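# Pasting a predicted model and its sequence here:
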Amino acid sequence: MILLNPGPVNVSDRVRQAAAMEPICHREPEYFDMQDEVRARLLELFDLPKSEFAVGLIAGSGTSAVEAMVCAGVPAGKRLVVVSNGVYGDRIARMAEAHGIPCDEVRFPWEQAADPERVDERVRAIESAGGKIGALAVIHHETTTGLVNPIPELAAIARRAGARFLVDSVSGLAGDPIDVAATDFCAGTAGKCLQGLPGVSFVFARRECLRAAGPRRSVYLDLADLCARQDVRGTPFTPAVPIVNAFREALRETAEEGVAARIARYGRAAAFLRAGYARMGLAAWLPHDRRSNCLTTLRLPPGRTYADLHDTLKREGFVIYAGQGNLEREAFRICNMGWIPEAEFARLLAVLERWVRPGA
C-alpha cells in the first residue's frame, strides 16, 4: 500500500528490518549507544552545534514533541503568542490553555501564510498594553492545507521582542527548507519526511533556554529533565526501542542522501504530481508560492465525494487524506513524503485521471 497521507509514510526495507530487531533492555549500554547516535545524527543533519543545542527524544507522536516544547518554552509569568492559520496552530493554543499558559492568537485564513507585519503589530500592541511576551510559536509546514509559513521573518520578530521562538516543524523537517539554528525550540518526528516509523519524536532545544526553563508543567513531557538525562546516557521512561532503532537507520539513510537532496527530491515529485493535477483540471487550494514540497490540497470536483475517491484509490493501492476541519467536504490532500518509487507517482496520476474523467 502506497501511503500518500502526511505520516506515517512508506519506509525502506532497511528501516523496516531495523524495527524487527531482537529485544534489548533500555537500561543497557547497547540502547544508550543507539540513543547517542540518533541524537548526534539529528544535530549533524541540521547543522546544530552540540554546545548550543540539545535534542530530546520522546516516545510519542509529533504532538507530544510540540506539547513538550510548549511546556518548556514559555517562562513563568509570561505570555505565548501563537501564529495560527490551520488546525495545528489552533492545537498549540489549546496546549497553552491546558497548561495554564496565557496565550494570544494571531489568526489568518487557512489559505494565507502568516503576514509578518501583522504579527509584529500584534506583538507590539501586547507589549504596549503591558503584556510580557515569553515566546512566539508558529507552524513551519501547516499540514491542514500544505501551507508554509515565513520562518525567518517571524524569527526576527521574536528576537526583536526578546522572546523565544518555538517552531512546530513536525511535517517540515527534511521536507522544506528551515534554519533550525534560528529557532530556540523546534519539534519534529521520525515518521514523516525523515522516513522513519511513527512512535518517536524529538525537540531541538537551545541549551541556554533549557537552563532557564519555566516551571515544571508536565512529568512525562519535561524537556529539560529529558535532555539532561539523555545527555548522560540515561532515560527517565521506557523508550520505543525498536522504533528508535528504525529511526537510527532512517537517519543514516538521510545522511547518505543529504537533507538538501531529500528536499529537492520531494520538490521534484510535487512538481510532477501538480503538473498532472493541472492537466486533468483539479484545482489546488493554495497558490504555488505558498505550498509545501510534500503536500498538495486539491478541491473536489463538483458533484464528487471524497469517500468515492478514497475508496477508488485504495482499491488500486493508494491511501490519501480528506480535507481537515472545515475543508472536509470541499477538499482532499495528497502527500509525496516517504520512500516512494517514482513509477508509483505516474501510476497514481493514471488512476486519478480515470476517476476525474470516467470514460475519457
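That came in fine, so what should we check first?
# How many residues are close by D13?
9 (other Cβ atoms under 10 Å). For the C-beta atoms, the positions are set from N, CA and C on the backbone; glycine is no exception.
# and if you look at the one 10 residues further on?
Here the number of neighbours of P23 (other Cβ under 10 Å) works out to 7.
# With L298 instead?
Counted by other Cβ under 10 Å, the residues lying close to L298 total 23.
# C-terminal to the host helix or strand of it, what's the next element?
Element membership for L298 (DSSP states H and E) is strand 295-299. Sequence order places helix 306-315 as the next helix or strand after strand 295-299, per DSSP H and E.
# Buried residues, that next one. List them.
For helix 306-315, a neighbour-count test (16 or more other Cβ atoms under 10 Å) marks Y306, L309, H310, L313 as buried.
# neighbouring contacts of it?
1, 300, 319-320, 322-323, 328-329, 332, 348, 351-352, 355 (Cβ atoms under 8 Å, 6 or more residues apart in numbering).
# how big is the angle separating it from strand 295-299?
130 degrees (axes from the mean of the first three to the mean of the last three Cα atoms, to 10 degrees).
# Tell me where the stretch 251-360 of the chain has helices.
For the stretch 251-360 of the chain, the helices defined by DSSP state H, counting those that start in this stretch cover 259-279, 306-315, 342-356.
# thinking again about what came up before, show residues contacting the strand holding L298.
6, 141, 143, 145-146, 171, 270, 273-274, 277, 282-286, 323, 327, 330-337.
# so V82 is in which element?
Per DSSP H and E, V82 falls inside strand 79-84.
# could you dump that strand to PDB, C-alpha only?
Output of strand 79-84 as PDB, limited to C-alpha atoms (Å, rounded to 0.1, in the frame of the first residue of the first chain):
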ATOM      1  CA  ARG A  79       2.600  35.100  27.500                       C
ATOM      2  CA  LEU A  80       2.700  32.900  24.500                       C
ATOM      3  CA  VAL A  81       1.800  34.400  21.100                       C
ATOM      4  CA  VAL A  82       0.700  31.800  18.600                       C
ATOM      5  CA  VAL A  83       0.600  32.400  14.900                       C
ATOM      6  CA  SER A  84      -2.400  30.300  13.700                       C
END
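# and the following helix or strand past that strand, what's its mean pLDDT?
Counting by DSSP H and E, the next helix or strand C-terminal to strand 79-84 is helix 87-98. In this model, helix 87-98 carries a mean pLDDT of 97.
# Next, the angle helix 87-98 makes with the following helix or strand past helix 87-98.
Proceeding N to C from helix 87-98, the next assigned helix or strand is strand 103-107, under DSSP H and E. If you take the same axes, to 10 degrees, strand 103-107 sits at 160 degrees to helix 87-98.
# who does strand 103-107 pair up with?
Neighbouring strands of strand 103-107 in its sheet, by DSSP bridges, are strand 79-84 (parallel).
# List the contacts of the strand it pairs with.
Against strand 79-84 from outside (Cβ under 8 Å, 6+ apart): 70, 73-74, 89-90, 92-93, 96, 101-108, 114, 119, 122-123, 126, 131-139, 149, 154, 163, 166.
# make it 6 Å
Here strand 79-84 makes contact (Cβ atoms under 6 Å, 6 or more residues apart in numbering) with 74, 89-90, 92-93, 96, 101-107, 114, 119, 131, 133, 135-138.
# Pull the distance from that strand to the chain's centre.
Relative to its chain's centre, strand 79-84 lies at 18 Å (Cα atoms, centre = their mean, to the nearest Å).
# Would you mark the buried spots in that strand?
Applying 16+ other Cβ under 10 Å to strand 79-84 flags R79, L80, V81, V82, V83, S84 as buried.
# How about stretch 110-117?
W110, E111, A113, A114, P116.
# Distance to E253 and pLDDT for these - can I get that in JSON lines?
Shown next, in JSON lines, are these (distance: Cβ to Cβ, whole Å; pLDDT from 0 to 100):
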{"residue": "W110", "distance to E253": "33", "pLDDT": "95"}
{"residue": "E111", "distance to E253": "34", "pLDDT": "93"}
{"residue": "A113", "distance to E253": "31", "pLDDT": "96"}
{"residue": "A114", "distance to E253": "32", "pLDDT": "97"}
{"residue": "P116", "distance to E253": "35", "pLDDT": "98"}
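# of the residues you listed, closest to G188?
A114 (19.8 Å; Cβ to Cβ).
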